[in-house]
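Engineer: Next comes the sequence, and after it the predicted model I'd like to discuss.
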Amino acid sequence: MQLSGFSMRSGRKTQKSSLKEDAGLTGRSRQALTAEPAAVNPATQPLGQFPRIRLRRNRAVDWSRRMVAENRLGPQDFILPAFVKEGGAKREAIPAMPGVYRHTIPSLIELATRAAELGIPALALFPVVPLERKSTAAEEAFRADNLCNRAVAALKKAVPEMGLICDVALDPYTDHGHDGLMQGGVIVNDETVDVLIRQALAQADAGVDIVAPSDMMDGRVGRIRDALDAAGYQRVQIMSYAAKYASGFYGPFREAVGSKSALGKGDKRTYQMDPANGDEAIRECALDVAEGADMLMVKPGLPYLDILHRVKQEFRMPVFAYQVSGEYSMVKAAAANGWLDNNRVVLESLLCFKRAGADGILTYSAIEAAELLSE
Ligand code: PBG
């Protein structure tokens, strides 16, 4: 809030260059005018004082609040994550995520159609892979007609105006539930990246618009970019899960896709980030930007708004937040108990992501929020 060329204390012009030549001023008056403006913290040194200044004036009525609002939510801010399962039977409810379903391909198409009608630009797809398709080497991940790729092809055909995002990570496909290959109890980096490349290429073949590496292996963004380009997929975008933390907030998601039982007591701390770290998130993002990421993501969402803000400030490129399953479930559980007003809290939390600097939010509330906004 420093006004250029003015010290907020004196309100007088203090630009050195013009004042140097300013004849006639001597002694203390000259000193005062040529001094660097003092650093002013607007929080403690407002641009005026009560009672002339009353911040409540702008807040008094609805039209005025709307007029001065710094951020606004719209359906274009949301990306809808959705689960798809095998089989033609009906969609299944996910107990830990009320209102979210494991879809069949036909019910997924209905969901995507509704999302498109509401103006939601993109859908992020997560397959629920049957146990018998999981393996140590995760070969299912790059099979051309695996569940994920069939769903992509069907969605692209039925709802071509909807952007499609696929996770690049092996956790739906490994029998141990980790995002990478395991050798001797260790998640091996470079061997995993070789498989991720094949997975991303198979997704591109199926027609995906954006690949989203969520595995947190080192160097994968660059190698995926090179592989996509070599295969002629220059237009396929990369949204990197650049700052993805080892978080307890993923619990309901792992139940939804069935990787929880596979993972057992294991955790992902050797590749996902330590919640204690902020500077490291900047390094992760810097590498992914250098390797060719088109967009960055910070995950989870609300507890990590400081990271989101820093990443946006630092890189000035599209940055997305993932309001993850546990965040969704907390709101739904509290609302079901009558402890929170669901609609109010859903819209408030999404707006807070925008204030922090998000260009968009992956949220299981995408449809309910878009509906609320269109009322
Ligand atoms: C898999 C993946 C996870 C999520 C998105 N992709 C879970 C994990 O890393 O264990 C979490 C999403 C959510 O909790 O909503 N790599």
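Structural biologist: It's in.
Engineer: mind listing the helices for this protein?
Structural biologist: Along the chain, counting by DSSP state H, helices occupy 16-20, 27-34, 62-68, 105-118, 147-158, 189-206, 220-230, 251-257, 259-263, 279-291, 305-315, 325-336, 342-356, 366-374.
Engineer: any chance of those in TSV, plus distance to Lys90, mean pLDDT and mean neighbour count?
Structural biologist: Bear in mind the C-beta positions are built from the backbone N, C-alpha and C, glycine included. As requested, these are exported to TSV (distance: least, C-beta to C-beta, whole Å; pLDDT from 0 to 100; neighbours: other C-beta atoms under 10 Å):
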stretch	distance to Lys90	mean pLDDT	mean neighbour count
helix 16-20	74	48	10
helix 27-34	77	67	12
helix 62-68	42	98	9
helix 105-118	7	98	18
helix 147-158	16	98	20
helix 189-206	25	98	21
helix 220-230	36	98	19
helix 251-257	16	93	21
helix 259-263	23	77	17
helix 279-291	39	98	17
helix 305-315	37	98	19
helix 325-336	21	98	19
helix 342-356	25	98	18
helix 366-374	19	98	19
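Engineer: can you tell me which of the ones you listed comes nearest to Val128?
Structural biologist: Nearest to Val128 among the helices of the chain is helix 251-257 (5.2 Å), distances taken as C-beta to C-beta.
Engineer: Quick check: residues of the stretch 251-375 of the chain near the ligand?
Structural biologist: Residues of the stretch 251-375 of the chain lying near the ligand by C-beta under 6 Å from any ligand atom: 253-254, 268, 324-325.
Engineer: Which residue, other than its chain neighbours, is closest to Val193?
Structural biologist: Using C-beta to C-beta, 6 or more residues apart in numbering and skipping residues adjacent in sequence, the residue nearest Val193 is Arg220, 4.8 Å away.
Engineer: brain fart, Gly278
Structural biologist: Using C-beta to C-beta, 6+ apart, the closest residue to Gly278 is Ile307 (6.0 Å).
Engineer: do the same with Asn146
Structural biologist: That would be Glu140: by C-beta to C-beta, 6+ apart, it lies 5.4 Å from Asn146.
Engineer: just the residues of the stretch 251-375 of the chain next to the ligand now: which is nearest Pro75?
Structural biologist: For these, the nearest to Pro75 is Val324 (20.3 Å; C-beta to C-beta).
Engineer: got a list of what the closest one touches?
Structural biologist: Each residue near Val324 by C-beta atoms under 8 Å, 6 or more residues apart in numbering is listed here: 247, 249-250, 253, 299-301.
Engineer: Indicate the residue of the stretch 151-300 of the chain located nearest to the ligand.
Structural biologist: Nearest residue of the stretch 151-300 of the chain to the ligand, counting by C-beta to the nearest ligand atom: Phe253, 3.2 Å away.
Engineer: roughly how far apart are that residue and Ile105?
Structural biologist: 20 Å (C-beta to C-beta, to the nearest Å).
Engineer: ok now do Trp63, which residues does it touch?
Structural biologist: Listed by C-beta under 8 Å, 6+ apart, the contact set of Trp63 is empty.
Engineer: Got the domain ranges for the protein?
Structural biologist: Taking automatic domain parsing as the domain assignment, the ranges for the chain are 16-68, 75-374.
Engineer: The ligand contacts on the stretch 51-200 of the chain?
Structural biologist: So far as C-beta under 6 Å from any ligand atom goes, the stretch 51-200 of the chain lies against the ligand at 167, 169, 171, 179.
Engineer: need the contact list for the residue nearest the centre of the chain.
Structural biologist: With distances taken as C-alpha atoms, centre = their mean, Ala321 lies nearest the centre of the chain, 2.1 Å away. Contact analysis of Ala321 by C-beta under 8 Å, 6+ apart lists 297-299, 301, 304-305, 308, 353, 356, 358, 360-362.
Engineer: Now for Phe298: which residues touch it?
Structural biologist: Check again: residue 298 is Val, not Phe. Val298 neighbours (C-beta under 8 Å, 6+ apart): 242-244, 281, 304, 307-308, 311, 319-322.
Engineer: same thing but at 6 Å, please
Structural biologist: Shown in contact with Val298 (C-beta atoms under 6 Å, 6 or more residues apart in numbering): 243, 304, 307-308, 311, 321.
Engineer: repeat for Gln199
Structural biologist: 141-142, 168.
Engineer: Please identify the nearest residue in space to it, excluding sequence neighbours.
Structural biologist: Excluding the flanking residues, the one nearest Gln199 by C-beta to C-beta, 6+ apart is Ala141, at 4.3 Å.
Engineer: That neighbour: how many residues sit nearby?
Structural biologist: Number of residues near Ala141 (other C-beta atoms under 10 Å) recorded here: 27.
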